[in-house]
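Q: coords please:
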Amino acid sequence: MVRPAKSTNSAKPTRVTNDMRRLRFAHGEMTQADLADRTGVTRQTIIAIEQGRYSPSLEPGVPDRPRLRRTARRRVPVPHPTDPIRDPVRRRIMKALVQNRYGSADVMHLEDIEEPEVGADEVLVRVQAAGIDAGVWHLMAGRPYLLRLFGFGLRAPRLRVRGRDVAGTVAAVGAHVTRFRVGDEVFGTSLTGSFAEYTRVPADRLAPKPANLGFAQAAAVPVSACAALHALRDAGKLEAGQRVLVIGAGGGVGTFAVQLATALGATVTGVCSTGKVDLVRSLGAAQVIDYTRDDFADGRNTWDLILDIAGNPTLARLRRALTPTGTLVIVGGEGGGAVFGGIDRQLRALLLSAFVKQTLRGVVSAEGADDLETLGTLLEAGSIRPVIDRTFSLAEAADGIRYQHAGQARGKVVVTVP
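A: So this is what the prediction gives:
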């Protein structure tokens, strides 16, 4: 039997055509330039394939012959359909504020580093603004030393880029991410550092940016507002009608705590320095105590719930200001020695709580999408608002860390990224 001759005009499937199908299946329509870039061939080859006049001789590298070994035919790496969906015009090198050793803000410097690659469940965010919280200084300095045992690096920081608060636009999404698309405006917390032009964020730590906030305002929210929310709602079990004392009411966490407690129906007393009294009162506090003039623990008043954000009062003083069955929540780990910092006070409070009628505890805050969306609703309704003292550029971020750590900031300090 005579077999019909093969047509010389029809091109059989090749590695490149298979790659094109896989890319379009995973990522939808792509331009000819994008396909050429992802498959490792020229744009002329892509055009020839689409017009049905492809010849293996057009493809660089090893020709596509059936008997050629499989390893040779895969000379050019093929992207997998689970690769992140990228904006093809992005740069691959970015500026970031980095550190190579622990120390003061003097160890921070701007450097060109490679942009992070996102995983299947992550989002790459083009940073527009990043907040500075107390934890930034602790991780930069490596103090208390106990932190270094928790995976942050014994002799030098494991992650070189600082910052957690972030607000910006989505630049790329992993294959498993369905809540966000390239171009979306978002806010949340980064686990790999936000003092940079780009940062990698788990999708479950992001939420849509409230429409009524700018990027700098949104960047002031995640870490501090979530800490206040968890301290009041989860650790403090706050109920409407209770009396709440917020110590450190003029700082990043404190300004949110005063507003959230008021929104939840509590009567709030704030403790702060002289220069922040008017600010705290404007946030909804029914009473404000200037700690330079008056003592909240003088015995004249007691509160159902105390949030200690400042980290200075002893447990004995705090207990005197509590009702007999009240709750103390210690937020953060300020104060203390170089080894344990304020963590030892939280541990002592937890131990003492087992022997007294009062509830004494610390709070561990992890910023999740649900909490960010709850805060976003309150922000859009005007029930709470971020308070920003000063903004610094990315090049000035080390000065921002110094300013925040000095303890005089009214609300939050924010880094803007051009």
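
Q: domains in the protein, by residue range?
A: Dividing the chain into domains by automatic domain parsing, as the record does, gives the ranges 15-81, 86-220+408-416, 224-362.

Q: now T374, what are its backbone angles?
A: phi -60, psi -50 (degrees, to the nearest 10).

Q: if we can go back for a sec, turn the domains of the chain into a markdown table, including mean pLDDT.
A: Compiled in a markdown table, these are given as follows (pLDDT from 0 to 100):
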| stretch | mean pLDDT |
| --- | --- |
| domain 15-81 | 56 |
| domain 86-220+408-416 | 92 |
| domain 224-362 | 93 |
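
Q: just send those back as CSV, with mean neighbour count and distance to L372 too.
A: C-beta coordinates here come from the backbone N, C-alpha and C atoms, glycine included. Converted to CSV, the domains of the chain look like this (neighbours: other CB atoms under 10 Å; distance: least, CB to CB, whole Å):
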stretch, mean neighbour count, distance to L372
domain 15-81, 15, 28
domain 86-220+408-416, 20, 4
domain 224-362, 20, 7
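
Q: which of those domains sits closest to A369?
A: Checking these against A369 by CB to CB gives domain 86-220+408-416 as the closest, at 5.1 Å.

Q: quick one: distance of that closest one to the chain centre.
A: How far domain 86-220+408-416 lies from its chain's middle: 6 Å, per CA atoms, centre = their mean, to the nearest Å.

Q: circling back to that earlier point, who wins for proximity to A397 among the domains of the chain?
A: Closest approach to A397 among the domains of the chain is made by domain 86-220+408-416 (4.7 Å; CB to CB).

Q: give me the element V258 is part of.
A: Counting by DSSP states H and E, the element that carries V258 is helix 252-263.

Q: send the alpha carbons of that helix over as CSV?
A: Extracted in CSV, the C-alpha atoms of helix 252-263 (Å, rounded to 0.1, in the frame of the first residue of the first chain):
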residue,chain,number,x,y,z
GLY,A,252,0.4,54.2,66.7
VAL,A,253,-1.5,51.4,68.5
GLY,A,254,-3.0,53.8,71.1
THR,A,255,-4.7,56.1,68.6
PHE,A,256,-6.5,53.2,67.1
ALA,A,257,-7.3,51.6,70.5
VAL,A,258,-9.1,54.8,71.7
GLN,A,259,-11.2,54.9,68.5
LEU,A,260,-12.0,51.2,68.4
ALA,A,261,-13.0,51.0,72.0
THR,A,262,-15.2,54.1,71.6
ALA,A,263,-16.8,52.5,68.5
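
Q: remind me what it packs against, helices and strands.
A: The contact analysis (3 or more CB pairs under 8 Å, 6 or more residues apart in numbering; DSSP states H and E) places helix 252-263 against helix 222-229, strand 243-247, strand 267-272, helix 277-282, strand 412-416.

Q: center of this protein - which residue?
A: By CA atoms, centre = their mean, the chain has its centre lying nearest to T189, at 1.2 Å.

Q: report all helices and strands that the longest strand along the chain contacts.
A: In the chain, with assignment by DSSP state E, the single longest strand is strand 122-132. Counting contacts by 3+ CB pairs under 8 Å, 6+ apart, strand 122-132 is packed against strand 165-173, strand 198-202, helix 215-219, helix 222-229, helix 397-405, strand 412-416.

Q: of the ones you listed, which is nearest Q346?
A: The nearest among those, by CB to CB, is helix 222-229 at 13.6 Å.

Q: residues in contact with the closest one: which ones?
A: With contact meaning CB atoms under 8 Å, 6 or more residues apart in numbering, helix 222-229 is reached by 131, 133, 135, 164-166, 187-189, 252-257, 260, 307, 331-332, 363, 365-367, 371-372, 374-375, 384, 386, 412.
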